[in-house]
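Chemist: Dropping the sequence and predicted coords here.
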Amino acid sequence: MRAVVQQVASASVTVDNELISSIGRGLMVLVGIGTGNCVNHSDNSSSHSLALKVFSDEKGAMWKQSVKDIEGEILCVSQFTLFANTSKGNKPDFHRAMATEPSRQMYSVFLERMHSLYKAEKIKDGRFGAMMNVSLINDGPVTFTLDSRKFEYLDMSRGVVGTSMPTSRTRKTAAESKSRASRSDEPANVSLGELEEKSKVVIE
């Protein structure tokens, strides 16, 4: 499950020129649900959104308070396009997004969890599956992306999922090993390939 969390001064959703929901100071949360997402992902995304310290405190110090701390409001909007794959060609591919009906159920679980963790009257949402006009004033601007699957945010310097990338440290270690072996007239015990194998990122 992916969420784009924005600190807003105000936000609203309209459908066919009808105002569906509006909030004052708080968070706009765009929610995308992917294939394979489950209740645990919903729990993680809802609790993280509510606990994220995106607001300043009374003294102006940044990143000190959550939306609950300031008793702000939250506007949630479902957005399957967060799971678009744009790596091939110019046309987005949405096969990673969950199908409509199971996604509707999972989104309902997400909202229920938000209600249970905070004041239900402060949680607003749009209209699932509808063409919505979303308006907001991003305060800052401040925007964060959350993903319930942490491996999506691997540091590229450590490699990509399922692969390994030799770092400068790996190359240096291999070179030093070969140098020591050369001085002692012994074959190198560690090859670059072996070090790369040992340095693969393990994803659980």
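Modeler: Received, thanks.
Chemist: If you average the pLDDT over the lengthiest helix in the chain, what comes out?
Modeler: Criterion DSSP state H: the longest helix present in the chain is helix 100-117. What helix 100-117 shows for mean pLDDT is 96.
Chemist: Give me the buried positions along it.
Modeler: Buried positions in helix 100-117, judged by neighbour count with 16 or more other CB atoms under 10 Å: 103, 106-107, 109-111, 113-114, 117. Every C-beta, even on glycine, is put in place using the N, C-alpha and C of the backbone.
Chemist: do the same with stretch 80-88
Modeler: Counting neighbours by 16+ other CB under 10 Å, the buried set in stretch 80-88 is 80, 82-84.
Chemist: First-to-last residue distance for that stretch?
Modeler: With CA to CA, to the nearest Å as the measure, the ends of stretch 80-88 fall 18 Å from one another.
Chemist: what mean pLDDT does it have?
Modeler: Rounded mean pLDDT across stretch 80-88 is 94.
Chemist: Equivalent analysis for stretch 54-68, please.
Modeler: Here the average pLDDT along stretch 54-68 is 95.
Chemist: which residues touch it?
Modeler: For stretch 54-68, the surrounding residues in contact (CB atoms under 8 Å, 6 or more residues apart in numbering) are 5, 7, 26-27, 49-53, 69-70, 72-74, 118, 142, 144.
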